[in-house]
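Asker: let's see this in three dimensions:
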Amino acid sequence: MNTTTPFATALAAQLKTLPDLQNVPEEQLCWLINNSEVRQYEVGEHTFKKGDAIDEMYIVLNGVISIRLEQNGQFRELLELKEGNISGTLPFSRTAKAGGYGLVQESTSILFLHRSNFREMVATCYELTEALVHVMSTRVRTLTERQQQTDKMAALGRVSAGLAHELNNPSAAIVRSASEFKKHLSNTPDRFKRVMMLQLDIDAVDACNNLVFQKAQAGIQDTMTSLERADAEDELLSWLEDRNVEDGYHITGNFVDYGLGIADLEFIYEKIGEKNFFTVLEWLDNVLTTERYVQEMGEASKRIHEIVSAVKSYSHLDRAAERQRVDIHQGIKNTFLILGHKIKKANIKIVKNLDYTLPEVNVFVGELNQVWTNLLDNAIDALEGVAEPTLELVSRRYKEDFIEILIIDNGTGIPEDALPNIFDPFFTTKPMGKGTGLGLHTVQNILKQHNGDIKVESRPGRTAFRVCLPIG
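Answerer: A predicted model of the protein is given here:
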């Protein structure tokens, strides 16, 4: 291209305004124009497709290009290139083939420089080369940060969904129990009045008191099968009907739950007699029902506390960002709790062969939890569609100074041709929207930071990730 033409002169002036090229001398911009070619593209055309050779640097002069990645037939926009953006292959870049597609969104003009001119450019145009190398390093950093942010948001979404699911059950139980408890208390004054009107001797009162609070302290008995429970309720109801107790079915379930049987009721009947029997039964049922609601709310509150404590430990919010000596199993346990909803939903069988005598390891706890999250989440996803999904966890001593954790699933396995690349950044075998290709890369980097290692073996029906960590 001849820089003496009006178009070339205008183009040189345009390039000089670009932030990435504003410090490049004019004669070097002229060299760039003289060795380049301008091409025009219309909406819907591709500037490149996946697998095409990347052998040209290009500068978008005007228009918009959408850079898209394809995974399993679905497309996701990675970024947009607009006027002034520089892309393609750059000096010292090792990019060989396109990993995605460049789809033109508006009528676009692009200046192309073939890589065959790079040797001359490096030798004669120092400032231009320096500017383009800076563009390349910025591009790599921006792309990595974008993918990492996407990966973090996806991980946060998975964890948030898990926590919402795990917290929903106990919180709903508290709301339900509190509502029922309020209704129950509204009936208490009338029952209390009837109890106060009884004329019982001290021995009868003590006998009833001791029995009901003994049952309440023992708690609900849940050792019976459904059939055994139904039989026990029927026997209790028949016994009550024989004593002229009407609507006894309202209380038999509660009595059976707390292990209050016919022998106990006969004991009370003998102590207080037929006249006061029904009123005392109401009181017994009232006390045990109150105990039930208090117990349900207490257990649900305890579950919420356990979840919050696990999240606090998982995220390491209560400690400084420094190495700590910890039991390796604690982080794994917390991660299982965070991902518990996915495990239950997929009906995955968990097999644990853990050596709890292993010594503590000196690690960055929050970062190591990312390792367990990525590996366990990947294993759960790999079990989708498996008839009898099983996830096995093994911890053991390795040689003298290391411990190793194995995470094994019986999924379909990783394709053999993908195995050499699974730790590479941006490489993923998951469908669009389920993986960004940075999870295992992050895992590997974290373990390297800990002087550890990760290896994988995979075949159909068995995939095992082996994490090795130093004890010291």
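Asker: what segments of the stretch 351-472 of the chain are helices?
Answerer: 365-382, 439-449 (DSSP state H, counting those that start in this stretch).
Asker: out of those helices, flag the one nearest V64.
Answerer: When those are compared by Cβ to Cβ, helix 439-449 sits nearest V64, at 30.2 Å. In short, each C-beta sits where N, CA and C put it, glycine included.
Asker: tilt between that closest one and helix 365-382?
Answerer: 150 degrees (axes from the mean of the first three to the mean of the last three Cα atoms, to 10 degrees).
Asker: just checking, what packs against helix 439-449?
Answerer: helix 126-186, helix 365-382, strand 453-459, strand 462-470 (3 or more Cβ pairs under 8 Å, 6 or more residues apart in numbering; DSSP states H and E).
Asker: list the buried residues in the last one.
Answerer: It stands for strand 462-470. Applying a neighbour-count criterion of 16 or more other Cβ atoms under 10 Å, one finds 463-469 buried in strand 462-470.
Asker: from the chain's centre, how far out does stretch 392-399 sit?
Answerer: With Cα atoms, centre = their mean, to the nearest Å as the basis, stretch 392-399 stands 24 Å off its chain's centre.
Asker: would you say V245 is within a helix?
Answerer: No. Secondary structure of V245 (DSSP: H, G, I helix; E, B strand; the rest coil): coil, not part of a helix.
Asker: isn't it right up against F277?
Answerer: Yes. Contact criterion Cβ atoms under 8 Å: V245 and F277 qualify, at 7.2 Å.
Asker: where does the stretch 251-400 of the chain dip in pLDDT?
Answerer: Low-confidence segments of the stretch 251-400 of the chain, defined by pLDDT under 70, span residues 306-307, 309-321.
Asker: do a quick rundown of the strands in it.
Answerer: With DSSP state E, counting those that start in this stretch, the ranges of strands along the stretch 251-400 of the chain come out as 324-326, 349-353, 361-363, 390-398.
Asker: show me what the third one is packed up against.
Answerer: Applying 3+ Cβ pairs under 8 Å, 6+ apart, one finds that strand 361-363 makes contact with strand 324-326, strand 462-470.
Asker: compare the ones you listed and give me the one nearest I54.
Answerer: strand 462-470 (32.7 Å).
Asker: average pLDDT across the closest one?
Answerer: Strand 462-470 carries an average pLDDT of 94.
Asker: could you list the residues in contact with that strand?
Answerer: Residues from elsewhere that reach strand 462-470 (Cβ atoms under 8 Å, 6 or more residues apart in numbering): 328, 361, 363, 371, 375, 379, 382, 398, 401-411, 413-414, 447, 450-458.
Asker: mind checking which of these are buried?
Answerer: Neighbour counting by 16+ other Cβ under 10 Å classes 328, 361, 363, 371, 375, 379, 382, 402-411, 413-414, 447, 450, 452, 454, 458 among the contacts of strand 462-470 as buried.
Asker: A strand includes N210, no?
Answerer: No. Going by three-state DSSP, the assignment for N210 is helix, not a strand.
Asker: please report the distance of it from D264.
Answerer: Distance, N210 to D264, using Cβ to Cβ, to the nearest Å: 11 Å.
Asker: who has more neighbours, those two?
Answerer: Set side by side, N210 and D264 show more neighbours around D264, with 18 against 10, by other Cβ atoms under 10 Å.
Asker: now that one: closest residue in space that isn't a chain neighbour?
Answerer: Once flanking residues are discounted, D264 sits nearest to L211: 6.1 Å by Cβ to Cβ, 6 or more residues apart in numbering.
Asker: contacts only, for the one you found.
Answerer: 260, 264, 267-268.
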